[in-house]
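[1] turn this into a structure:
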Amino acid sequence: MNAIAAMSRAWLLPEERKSSLLRACLGSVLHLPRHEDTQDRDAALYMETMEALHRLLQVLVGSAGTSVLMELQNILELLLPFTTCQLAAVEERAMACIARLLAFSNTCPLPEVCSCFTGAVVLRHQCTENQRFPVLGKLAGQLILCCTSTDEGTRDEAMKAVRQLFIFIASQRMWMWQKDPKKPQLRERWQTLFYEQVSQENNARKIFRMFLKYLQYPERVSIFLTAIESMTVPSLHSTELAAHMVDVLSAEVHFPPGQVQKIVKVIYSSLPSITAQPALESLGRALLVLASKYPREMVSSLLGCSPTCTSVTITMWREMLSEPPAVEKVLQELLRVLTNHSLYHMSTSTGDRPRVLALAAARILPEIIQLPLVLKEAEAIFPQLFLALLLQVSFTMELTLQEVEIFWEVHQQHHLTPIRAAVQSLKVLLCGVGLQKQMEAIEEQGGWDALLSTVTHLQGVQVVARVMRELPGALRDPIFHQLVELLSTKFCSWEMVAMVFLVEMLECVDLSEELHRVVSLFSTYLQSQSVGTQQLVLRGILQLSKRQDTARKMLGLLPCITEQLQDADSGARAMALPVLSSLLRLLERGKLSLVALELASNLPALFEDESGTVRQLSIHLFLDTLSFVEGREKRKMRKEVYRSLVPLYLHLHDEEESVAKASQKAFLGAARFLHWRRLEHLAEVAQFWQIGECMLVERRKSAAQDYLGQSLLYLQSPQESLRREAVRFIELIGRHEIPTVRSRWWRFGRR
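    All right, here's what the predicted structure looks like:
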């Protein structure tokens, strides 16, 4: 040790070796047997060894130059673990080293310690590393606790160290008084008075209270954490003092979010080792107070500590939910977590994974929902909580493998997969709020099992929705209102499940207050990239168009629905066509005539759709438009009807019988609209082989050119019967217009 001290004075001691050498010295010297148990010669050698250790520590600090605070802190961090090693002699010696070292440091010229006293970067605040002393809070907390040690020698040394620590704090805080024009005249009086109090005070609680006046929040957080960790070893000092420190700090101190997270983690890790009742009660009070003051930080921190909901976290949740003010705040925060996850957040840390936190929130609900206070609040926010859990079931199906492993690692022996856990939470919620019959009805209809599969998931949502729409209006209407709120957020990943539920409930809810918002939502979601969502919206519009109280409000959606005929896929077109047919009948005659004319020009493009349903519905709707036009539009409609003759004629031979029959009716209607008696008769008696000849004979020659162009397109039809009929009709045209037909046929064949 003397050699190390000499090397340090001469600046020959390598910095990278200093800590390891000092740790070895401390471990050897502090664990020496008590000197009174040895012979006098050994006692003298022991005293000399201890003095050498003290000198070494003082030399290291004294020769540190501008880094004196860093050196002092490093040494104190090495000494502190020895104060809790549960060996009385070792603790006493370590405390004596701290007291002597602090006393020596108070005689040295120390740099001005920054007011932040931490190594953290603070906005608009700068200080050098040499001005930071983050060990201060932990040191103060440990020294105060050791003032109640069961060993008298440790208590005495701890009291000495506390007094020296106050001198250190007072001297470092002095610069704050000097910069405040109101403080200089009070500085000396406060310093003298407080030093006298600490010097005379042997009550650790009062010392703790006095220290708090001079410590800022970072040090107070460290004391808080130190007090909690000390509860795991109650034999070292007073558990009552640690409990008192926790009570005072949780009630009086303002903690930044990051510090709250740190506190929750320490409580979580320490709680399994704490058995003393006063300590457990104080931690329960602390959790309750912190949950009331910082619900967001407490909920997210506790969910992050244990996504799988261990017995420790259940205990912590119950303490946080033991009084009404905290219950409301915590449950609202759990609801926020359930609905605040992002599908695109792929951080590697559990705390930064909203989907994992949401899964953890769903997992804890069955454990706390039966608590009377929680159940009362859950009933108050049932619609929001119910839908949040239902959406959580859907999101759980999209978890990444890494996210699933976080949950599955603990629960695999119980076969509680993430999605099963989410469904279980939904069941418990329904039973908890008195809807057990509904839960059983969903079970009987296979809804819960359907939710578990990606293939049948939406069917499961439909089953749940159909059961829930039978609820009394007082429960059903708030659920519908919450659905509208959710869909109004435009969160793309919610739309399908929420829209399925909303459409199922349309039949039975009172829309007097929500109709305007529903129409606005339908207009927005018709533009969705999801074809399934488009179809659901169209289905909802169709339902509302059949209700007397809502039908006319759907007319504003006509332009958006018409666009679906060109932009959507066959499934959406199949849904849009009946909607258009229903809405057209609600229009006034003048408007109806204009819209019908526009539709008539667009519908023939759908006659060749891959879906037989679309072909049939579009042909039916085309026939309907013929009866809707009047006046000037009726004259314009003749042109569209002539353009439809060839497609309708060819689809008389459609492979699907329903389409062929629809074509016959439409062709007959077209002939009547044109007052083409011969064509009308042939269509009526189904003499299809003569229709082509009639169309060519009784029309002007220029019509043959149009017929040919339309027929050539059908040569590429996927239906053989249509291709065959197109060839026959082209040959028929050829007999009437040979040169022109041969030319266009040749050009078409070269494509």
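[2] OK, contacts around G612?
    654, 656, 658-659 (CB atoms under 8 Å, 6 or more residues apart in numbering). Where C-beta positions appear, they are placed from N, C-alpha and C, glycine not excepted.
[3] state the distance from E319 to S282.
    The spacing between E319 and S282, counted by CB to CB, to the nearest Å, is 11 Å.
[4] what does L78 give?
    Going from L78 to S282 by CB to CB gives 30 Å.
[5] more neighbours: those two, which one.
    Higher neighbour count among L78 and S282: S282, with 25 against 18, using other CB atoms under 10 Å.
[6] the closest residue to L648 other than its chain neighbours: what's it in contact with?
    Leaving aside its chain neighbours, L648 sits nearest to F667 (4.4 Å; criterion: CB to CB, 6 or more residues apart in numbering). Contact partners of F667, counting by CB under 8 Å, 6+ apart, are 645, 648-649, 652, 683, 691.
[7] which residues does stretch 435-445 contact?
    Here stretch 435-445 makes contact (CB under 8 Å, 6+ apart) with 427, 430-431, 448, 463-464, 466-468, 470-471.
[8] let's see 10 Å
    Residues from elsewhere that reach stretch 435-445 (CB atoms under 10 Å, 6 or more residues apart in numbering): 382, 386, 426-432, 447-451, 459-460, 462-468, 470-471, 475.
[9] just the contacts of F667: which are in helices?
    Of those, the ones assigned to helices by DSSP state H are 645, 648-649, 683, 691.
[10] tell me the secondary structure of H237, please.
    coil (DSSP: H, G, I helix; E, B strand; the rest coil).
[11] hmm, it is touching M95, no?
    No. With contact defined as CB atoms under 10 Å, H237 does not reach M95; the gap is 11.6 Å.
[12] can you check which residues contact both of those two?
    Common neighbours of H237 and M95 (CB under 10 Å, 6+ apart) are 83, 142, 146-147, 149, 151, 154-155, 158.
[13] in PyMOL, select just the buried ones from the residues you listed.
    Filtering the shared contacts of H237 and M95 down to the buried ones (16 or more other CB atoms under 10 Å) takes a single PyMOL command:
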select buried, resi 83+142+146+147+149+151+154+155+158
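[14] buried stuff in the helix or strand hosting Q616?
    Taking DSSP states H and E as the definition, Q616 sits inside helix 612-628. For helix 612-628, the neighbour count (16+ other CB under 10 Å) marks 612-626, 628 as buried.
[15] got it, and stretch 623-642?
    Result for stretch 623-642 [16+ other CB under 10 Å]: buried residues 623-626, 628-629, 633, 637, 640-642.
[16] mind listing the helices for the stretch 451-600 of the chain?
    Along the stretch 451-600 of the chain, counting by DSSP state H, counting those that start in this stretch, helices occupy 457-468, 473-488, 495-505, 515-525, 531-545, 558-567, 570-584, 589-602.
[17] give me the residues contacting the shortest one.
    The contact list for helix 558-567, computed with CB under 10 Å, 6+ apart, reads 522-527, 534-535, 537-538, 541-542, 554, 568, 572-573, 575-577, 579-580, 583-584, 586-587, 591, 595, 598-599, 602-603, 605-606, 609, 614, 618, 621.
[18] now tell me which helix or strand of the protein has the poorest mean pLDDT.
    helix 738-749 (a mean of 49; mean pLDDT, DSSP states H and E).
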